[in-house]
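S.K.: After the sequence you'll find the predicted model.
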Amino acid sequence: MTKKNTPAHSALVPDTHNRDYPMYDWPTRHHAILEHTAGREAGVVFIGDSITHRWGGAPIDPSDTTPKTGLRAWETFFGAWQPLNLGCGYDRTENVLWRIEQGQVDGLRARVFVLLIGTNNIGINTPPEIRDGIVAVVDQLHRRHPAAQILVLGVLPRGATPDDAGRQAATEVNRLLAQLRRPYLTFADIGHVLLQSDGTISPETMPDYLHPTELAYRAMAGAIHAHLSDVLGVVNGVPIDLWPARALTPIAETVDENLYVRHVVVSQVVPFLPPAEKANGTAILVCPGGGYTLLDWTAHVERLARRFNPAGIAVIGVRYRTSPPSTNVPGDALEDLRRAIRIVIAHAKAWRIQPDRLVGLGYSAGSNLLLVHASTPDDLLNSDALHRGEARLGHMALLCLWPHDKPVSAYAIRPDAPDAFLCTTEEDPVAPVAFSQGIAAALRQAGRDAAVTIFPKGDHLAFNFRENGPEVDWTPAFLAWLERQGLR
């Protein structure tokens with residue numbers, strides 16, 4: 001018979017271990033964490049087992065030989081938040097409880113804890129017992145840090161196939177964790193980003209079907225970052241994957257001497273937000289140009305952000321798929337654009353954006369992509385769980401609009417197309433004035449507002465932002481249009 005106040009199972013009993021000494025020196029790792037965390041301030045603190053430890057990051061012990069497989073993703077996605085890594089190899093819930101009792105988090109000032117624990121309890125404890133252990137850790141963290149948010153990650157999938165006993169146990173633990181309801185707690189089951197379409201795990205993702213590879217850590221980081229940014233705020237320039245379930249695709253993109261990004265496989269949005277005190281709710285969703293074969297990212301996105309952020313306008317770049325390797329342009333790019341719109345709408349409150357003040361802006365092929373959006377029914381993503389509603393843009397700016405070798409009649413403007421600002425030059429052979437004027441007329445015919453600005457001089461790159469601004473400054477006319485639209 002269980003005595004009063006005695007935990008009913010091992011997942012609740014704080015305990016030490018040294019299961020794989022001398023290959024892994026658990027006591028030394030524990031003391032290194034204790035020494036490093038005292039008096040520290042951190043935006044986010046990760047707590048867990050070897051999967052957490054292998055992210056890398058501080059605290060760093062020169063004698064620690066644990067592979068830091070996820071370090072690149074750690075620095076890219078979390079580095080600006082002063083992250084701390086309190087992962088210890090081979091840990092179970094009871095070991096994390098012991099470490100917390102010994103003061104590992106007592107000297108910290110943390111805004112968010114990210115907890116990933118439980119996989120090593122599988123085979124020893126039942127799923128309800130593992131849930132109990134995880135909840136006990138959450139309770140201890142909250143008792144010591146009542147103002148902090150706690151992000152509990154689901155136990156990651158393990159085993160090669162869905163019918164693996166360990167996988168099924170992890171799934172049941174996650175089902176139980178998803179039922180938790182506490183104002184300071186968020187549960188996120190990110191394991192889907194590690195699975196193939198048939199539910200199997202590839203050796204390229206987890207060679208031992210337990211520990212992630214560098215590619216897998218990057219996919220996990222993108223999924224975790226999306227949750228953390230809503231609490232800690234967006235770090236400008238840090239990408240958010242449009243399709244986390246596709247994030248395991250090896251990144252093949254290159255940046256050439258002209259700063260053109262090529263071979264985009266993993267599509268993303270990259271936010272550049274103005275200071276909170278300046279934000280006016282308007283956001284520009286930028287589709288950079290490059291003929292669907294490259295993205296002129298620096299000239300069309302990053303420098304644009306430097307121009308508009310001081311005016312309180314957010315700039316969000318869309319890193320859409322290019323050809324090669326895509327064999328379906330602009331279809332893949334359109335799918336990415338509509339997903340990007342949905343993601344921005346989903347993050348609107350945290351990013352201080354008003355969805356009805358979202359403006360799509362494109363250069364050349366990016367303008368063509370927005371035109372394709374305005375003339376193609378939004379039926380490509382009916383199964384998209386992120387947003388069942390339309391990928392709605394109320395406004396768009398089409399700079400140096402490229403016809404993509406098609407006549408105006410090839411673009412059947414939808415009645416709900418965005419109102420438009422079109423801008424080109426008389427000297428641009430790639431973006432003929434007649435085409436922009438024809439599209440403007442088609443927009444008006446569909447009942448949309450369309451304003452056209454034509455400059456007498458300037459080639460196809462005249463609107464590109466260089467270090468000192470564009471050769472032909474289109475921004476005053478654009479800002480005046482925003483004013484007329486009620487967006488400034």
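M.R.: Arrived safely, thanks for sending.
S.K.: ok, residues contacting stretch 207-218?
M.R.: Residues outside stretch 207-218 that contact it (C-beta atoms under 8 Å, 6 or more residues apart in numbering): 50-51, 54-55, 69-70, 72-74, 119, 156, 158-160, 164, 193-194, 201, 204-206, 220, 247-248, 250-251. Where you see a C-beta, it was placed from the backbone N, CA and C, and this is true even at glycine.
S.K.: Now restrict these to buried residues only.
M.R.: 50-51, 54-55, 69-70, 73-74, 119, 156, 158-159, 164, 193-194, 201, 205-206, 220, 247-248 (16 or more other C-beta atoms under 10 Å).
S.K.: thinking again about what came up before, which of the contacts of stretch 207-218 fall in helices?
M.R.: Among those, the ones falling in helices (DSSP state H) are 50, 51, 72, 73, 74, 220.
S.K.: from these, which two are the most distant?
M.R.: 50 and 72 (18.0 Å; C-beta to C-beta).
S.K.: Let's have the ones in helices among the contacts of stretch 207-218 in a markdown table, adding distance to residue 64 and pLDDT.
M.R.: Converted to a markdown table, those look like this (distance: C-beta to C-beta, whole Å; pLDDT from 0 to 100):
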| residue | distance to residue 64 | pLDDT |
| --- | --- | --- |
| 50 | 12 | 96 |
| 51 | 16 | 98 |
| 72 | 18 | 91 |
| 73 | 19 | 93 |
| 74 | 15 | 95 |
| 220 | 21 | 94 |
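S.K.: Let me have these in CSV, extended by distance to residue 442.
M.R.: Shown next, in CSV, are these (distance: C-beta to C-beta, whole Å):
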residue, distance to residue 442
50, 59
51, 54
72, 47
73, 45
74, 49
220, 45
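S.K.: and residue 406, which of the three is it?
M.R.: Under DSSP: H, G, I helix; E, B strand; the rest coil, residue 406 falls in the coil class.
S.K.: can you pull the pLDDT of it?
M.R.: You'll see residue 406 listed with a pLDDT of 97.
S.K.: cool, and residue 251?
M.R.: 64.
S.K.: cool, residue 16 as well?
M.R.: Residue 16 is given a pLDDT of 95.
S.K.: surely it meets residue 97?
M.R.: No. Using C-beta atoms under 8 Å, residue 16 is not in contact with residue 97; the gap is 10.6 Å.
S.K.: so who does residue 159 touch?
M.R.: Residue 159 neighbours (C-beta under 8 Å, 6+ apart): 165, 166, 167, 201, 209.
S.K.: how about a cut-off of 7 Å?
M.R.: Neighbour list for residue 159: 166, 167, 209 [criterion: C-beta atoms under 7 Å, 6 or more residues apart in numbering].
S.K.: Mind listing what's buried along the helix or strand encompassing the first one?
M.R.: Secondary structure assignment for residue 166, by DSSP states H and E: helix 165-177. The neighbour-count criterion (16+ other C-beta under 10 Å) identifies 166, 167, 168, 169, 170, 171, 172, 173, 174, 177 as the buried residues of helix 165-177.
S.K.: Is it correct that the second one is in contact with residue 158?
M.R.: Yes. Counting by C-beta atoms under 7 Å, residue 167 touches residue 158, with 5.7 Å between them.
S.K.: Report the separation between residue 467 and residue 299.
M.R.: 10 Å (C-beta to C-beta, to the nearest Å).
S.K.: Which residue of the two possesses the greater neighbour count?
M.R.: Higher neighbour count among residue 467 and residue 299: residue 299, with 22 against 8, using other C-beta atoms under 10 Å.
S.K.: how near is that one to residue 367?
M.R.: 14 Å.
S.K.: With residue 47 instead?
M.R.: Here residue 47 is placed at a distance of 47 Å from residue 367 (C-beta to C-beta).
S.K.: more neighbours, these two?
M.R.: residue 367 (30 against 25).
S.K.: can you confirm that one is in a helix?
M.R.: Yes. Judged by three-state DSSP, residue 367 forms part of a helix.
S.K.: list the contacts for it?
M.R.: With C-beta under 7 Å, 6+ apart, residue 367 has these contacts: 398, 399, 400, 401, 402.
S.K.: was I right about residue 261 contacting residue 295?
M.R.: Yes. Here residue 261 reaches residue 295: they are 4.4 Å apart, a contact under C-beta under 7 Å.
S.K.: Neighbour count for these two, which is higher?
M.R.: Of the pair residue 261 and residue 295, residue 295 is the one with more neighbours under other C-beta under 10 Å, namely 31 against 19.
S.K.: The more buried one touches residue 288, doesn't it?
M.R.: Yes. Here residue 295 reaches residue 288: they are 4.4 Å apart, a contact under C-beta under 7 Å.
S.K.: which helices and strands does the helix or strand bottoming out on mean pLDDT in the chain pack with?
M.R.: Here the helix or strand of the chain ranked lowest by mean pLDDT, DSSP states H and E is strand 240-241, holding a mean of 86. Secondary-structure packing of strand 240-241 (3 or more C-beta pairs under 7 Å, 6 or more residues apart in numbering; DSSP states H and E): helix 214-232, strand 268-272.
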